[in-house]
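*Asks:* sharing a sequence plus its predicted fold:
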Amino acid sequence: MIRLAVTGAKGRMGRAVLAQARRLGEWEVAGAIDQGDALEPALLRSDVAIDFSSHAFSTVVAEASAAAGKPLVIGTTGHLPEELLRVRRAAERIPIVRAPNFSTGVNLLFYLVRKAAAVLGEGFDPEIVEAHHREKRDAPSGTARRLAEIVAEVRGISLEKAARYGREGEPGPRKAEEIGIHAIRAGQIVGLHTVLFAGSGEVLELTHRAETRDTFALGSLRAARWVVGKPPGMYSMEDVLGLVERE
Ligand SMILES: NC(=O)C1=CN([C@@H]2O[C@H](COP(=O)(O)OP(=O)(O)OC[C@H]3O[C@@H](n4cnc5c(N)ncnc54)[C@H](OP(=O)(O)O)[C@@H]3O)[C@@H](O)[C@H]2O)C=CC1
Ligand SMILES: O=C(O)C1=N[C@H](C(=O)O)C[C@H](O)C1
């Protein structure tokens, strides 16, 4: 049995992870932490933790996991740059898998978008559209940000300069280097991401639709199983799935 702690345990994702861990049988839930619960004792009695909380608390969880010497899986999105720096520092002491999306399909989408951006080149305009439930706090989604980063990396440009978040007023003609990013919030949509490449006379659309949070929960448990025993470092879900090669 692998002893598991879940932070953000009472949230949508925390509940999904706990339900799947209990169903699978190979996990012993050693800690379910939410507002008002003690973090450190739960980490100390666990082999690994999975975090789906808030960007601020997730940073605290990373530092506490490093102090306890326990591996960590972070699914939380929306970290500020200084929080990300603190998470990276924690990853110098423990292995951390951090992924904006734990579904297999989205991680394959990352791979396909990298290929599409390279093959299609400058003549195709990339635009990213994401849709999520009305309760989601951060925008754009962590997944949409990662998709935009991938396009920027392939094009060798800075995402900070190229990103165009929505359009209004009179933005004028689209600049060639723009990467459009658009967020829809409505109803109970679990997660929808489309990357569109529009060229002259043709449009390629790559879409992933998550239909249940169980897909993220199962992916995070797969990452947690994988990360136990790994050397310190920052890993992605693409590492877990074997989609990237490391030196
Ligand atoms: N990587 C992936 O595959 C996925 C990532 N996500 C990300 O996971 C995160 C959580 O999403 P979701 O479950 O929908 O959100 P919820 O708001 O439903 O759950 C978050 C939980 O964390 C709790 N929490 C927040 N701050 C603290 C704190 N300081 N101490 C203890 N508990 C705290 C919240 O309590 P309270 O509400 O009382 O503040 C809440 O119970 C988001 O960043 C989301 O983008 C979501 C789905 C998939
Ligand atoms: O908040 C959510 O619900 C989701 N968040 C993740 C993100 O921000 O990319 C992943 C998923 O699409 C659901």
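*Replies:* Perfect, I can see it now. Ligands and ions are numbered 1, 2, ... in the order given.
*Asks:* remind me, longest helix of the chain?
*Replies:* When the chain is parsed with DSSP state H, its longest helix is helix 104-120.
*Asks:* chain center to the next helix-or-strand element following that one: distance?
*Replies:* Counting by DSSP states H and E, the next helix or strand C-terminal to helix 104-120 is strand 125-132. With CA atoms, centre = their mean, to the nearest Å as the basis, strand 125-132 stands 16 Å off its chain's centre.
*Asks:* do stretch 29-43 as well
*Replies:* Distance of stretch 29-43 from the chain centroid (CA atoms, centre = their mean) equals 22 Å.
*Asks:* can you check stretch 64-83 too?
*Replies:* Offset of stretch 64-83 from its chain centre (CA atoms, centre = their mean): 12 Å.
*Asks:* for it, what does the pLDDT average out to?
*Replies:* The average pLDDT within stretch 64-83 is 98.
*Asks:* that stretch near ligand 2 anywhere?
*Replies:* Yes - using CB under 6 Å from any ligand atom, stretch 64-83 comes into contact with ligand 2 via Thr77. The way it works is simple: take the backbone N, C-alpha and C, and place the C-beta from them, glycine included.
*Asks:* and the end-to-end length of that stretch?
*Replies:* Criterion CA to CA, to the nearest Å; first-to-last residue distance in stretch 64-83 is 14 Å.
*Asks:* pull out the buried residues from that stretch.
*Replies:* Neighbour counts over stretch 64-83 (16 or more other CB atoms under 10 Å) mark 64-66, 68, 70-79, 83 as buried.
*Asks:* so Arg164 touches Glu177, yeah?
*Replies:* No - using CB atoms under 8 Å, Arg164 makes no contact with Glu177, being 9.5 Å away.
*Asks:* tell me which element Val29 falls in.
*Replies:* In this structure, Val29 is located in strand 27-33 according to DSSP H and E.
*Asks:* what of Ala56?
*Replies:* Residue-wise, Ala56 maps onto helix 55-68 under DSSP H and E.
*Asks:* so what are the sheet partners of the helix or strand just after that helix and their directions?
*Replies:* The helix or strand immediately downstream of helix 55-68 is strand 72-74, counting by DSSP H and E. Using DSSP bridges, strand 72-74 pairs in its sheet with strand 48-51 (parallel), strand 95-98 (parallel).
*Asks:* re earlier: what helices or strands is the longest helix of the chain leaning on?
*Replies:* helix 142-155, strand 191-198, strand 203-210, helix 214-227, helix 237-240 (3 or more CB pairs under 8 Å, 6 or more residues apart in numbering; DSSP states H and E).
*Asks:* for these, give me TSV that also has mean neighbour count, mean pLDDT and distance to ligand 1.
*Replies:* What follows is those, written out as TSV (neighbours: other CB atoms under 10 Å; pLDDT from 0 to 100; distance: least, CB to the nearest ligand atom, whole Å):
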stretch	mean neighbour count	mean pLDDT	distance to ligand 1
helix 142-155	21	98	6
strand 191-198	20	98	7
strand 203-210	15	98	8
helix 214-227	22	98	4
helix 237-240	21	95	8
